[in-house]
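*Asks:* sequence? don't have it. structure:
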C-alpha cells in the first residue's frame, strides 16, 4: 500500500511540475500579448494622427494648387493684355505713319 501511495504521490508531483511549467509558458505568452497589444494601440494612435495630418496636408496642397493656378491665370491675362496693348500701339503708330506720309 505504501508503494501504491508513493507512486500516486510521484504522479501528482510530476503533474504539479507540468502545471507549473505550463503556467510559466502561459504567463510568458500573456506578457507578450500585452506587449503586442500596447504596440498595436500606439500604432493605431499614430495612424489617427497621420490621417489627420494627411487631411491637413491635402488641404494645403489644394490651396497652393489653386493659388498657383490663379497666379498663372493672372500672368496669362497680364501677358494677353500687354500683347493687345502692343498691338494697339503698333496699329496707332501705323495709322500715324500713314497719315504722316500719305501725300
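*Replies:* Structure's in. What do you need? Source: prediction; values computed, not measured.
*Asks:* name the element residue 40 belongs to?
*Replies:* helix 2-101 (DSSP states H and E).
*Asks:* Distance from the chain centre to that helix, please.
*Replies:* Relative to its parent chain, helix 2-101 has a centroid offset of 1 Å by CA atoms, centre = their mean, to the nearest Å.
*Asks:* what's the average pLDDT for it?
*Replies:* Averaging pLDDT along helix 2-101 gives 90.
*Asks:* Show me what it is packed against.
*Replies:* Helices and strands in packing contact with helix 2-101 are not found; criterion 3 or more CB pairs under 8 Å, 6 or more residues apart in numbering; DSSP states H and E. Where you see a C-beta, it was placed from the backbone N, CA and C, and this is true even at glycine.
*Asks:* I'd like to know how far residue 19 sits from residue 83.
*Replies:* 93 Å (CB to CB, to the nearest Å).
*Asks:* again with residue 95
*Replies:* Distance of residue 95 to residue 83, given as CB to CB: 19 Å.
*Asks:* burial count for residue 43?
*Replies:* When neighbours are counted by other CB atoms under 10 Å, residue 43 registers 10.
*Asks:* try residue 11
*Replies:* Residue 11: 10 neighbours (other CB under 10 Å).
*Asks:* For it, which residues are in contact?
*Replies:* Residues counted as contacts of residue 11 (CB atoms under 8 Å, 6 or more residues apart in numbering): none.
*Asks:* Tell me how far it lies from residue 81.
*Replies:* For residue 11, the distance to residue 81 - CB to CB - is 103 Å.
*Asks:* again with residue 12
*Replies:* Residue 12 sits 102 Å away from residue 81, going by CB to CB.
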